[in-house]
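Novice: compute the structure for the input listed below.
(one chain, ligands or ions: 1)
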Amino acid sequence: METMNKFRPTRIKRLGKTILVRWNDGRADEIPLTILRDKCPCATCNGEGKTEENYIPIKAPFKPTGFYEIEKILPVGNYAVNIIWKDGHNTGIYSWDVLRTIGECFSDTNK
Ligand SMILES: [Zn+2]
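Specialist: As a prediction, the model looks like this:
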């Protein structure tokens, strides 16, 4: 099956508090782990309950230890990576499209 993704990373490197993503078109994005985690695309972080009126956002100032730290990055097929966070959160699958969007958004607002 041919992938629909136009852009794909040639390299993903963990730095201190960021990851560096190099793309096949020559672009490089350095994405802070805080951004990456806050943009976690999984169902838990984007639950249905968020649209309900009585939903109380759990955006507490308290974050568990390791919330913004990566335990490991696992490849998922040839279209995504699964980022395992040190607080145990492991359901975030970042497709190349998601990574690219995060990278572009962050870079654009950080000029
Ligand atoms: Zn998540």
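Novice: so the residue nearest in space to the middle of the chain versus L15, what's the distance?
Specialist: In the chain, the centroid-proximal residue (Cα atoms, centre = their mean) is L36; its distance is 3.8 Å. To L15, L36 is 12 Å away according to Cβ to Cβ, to the nearest Å. Quick note: C-beta positions are derived from backbone N, CA and C, even for glycine.
Novice: am I right that S107 is in a helix?
Specialist: Yes: per DSSP: H, G, I helix; E, B strand; the rest coil, S107 lies within a helix segment.
Novice: which residue is the nearest non-sequential neighbour of it?
Specialist: Of all residues not flanking S107 in the chain, D29 sits nearest, at 5.8 Å (Cβ to Cβ, 6 or more residues apart in numbering).
Novice: would you mind listing what in this structure touches the ion?
Specialist: Within the chain, the positions near the ion by Cβ under 5 Å from the ion are 40, 42, 44-45, 92.
Novice: one step back: could you say which helix or strand contains the residue nearest to S107?
Specialist: Secondary structure from DSSP states H and E places D29 in strand 28-32.
Novice: helices of the chain, start to end?
Specialist: Applying DSSP state H to the chain gives helices spanning 33-38, 96-108.
Novice: and the strands in the chain, which stretches?
Specialist: Using DSSP state E, the strands of the chain run over residues 9-14, 18-23, 28-32, 70-76, 80-85, 92-95.
Novice: ok, residues contacting the second one?
Specialist: To tie it back to what came earlier, the one meant is strand 18-23. Identification of contacts with strand 18-23 by Cβ atoms under 8 Å, 6 or more residues apart in numbering yields 7-13, 28-33, 36, 70, 73, 99-100, 103.
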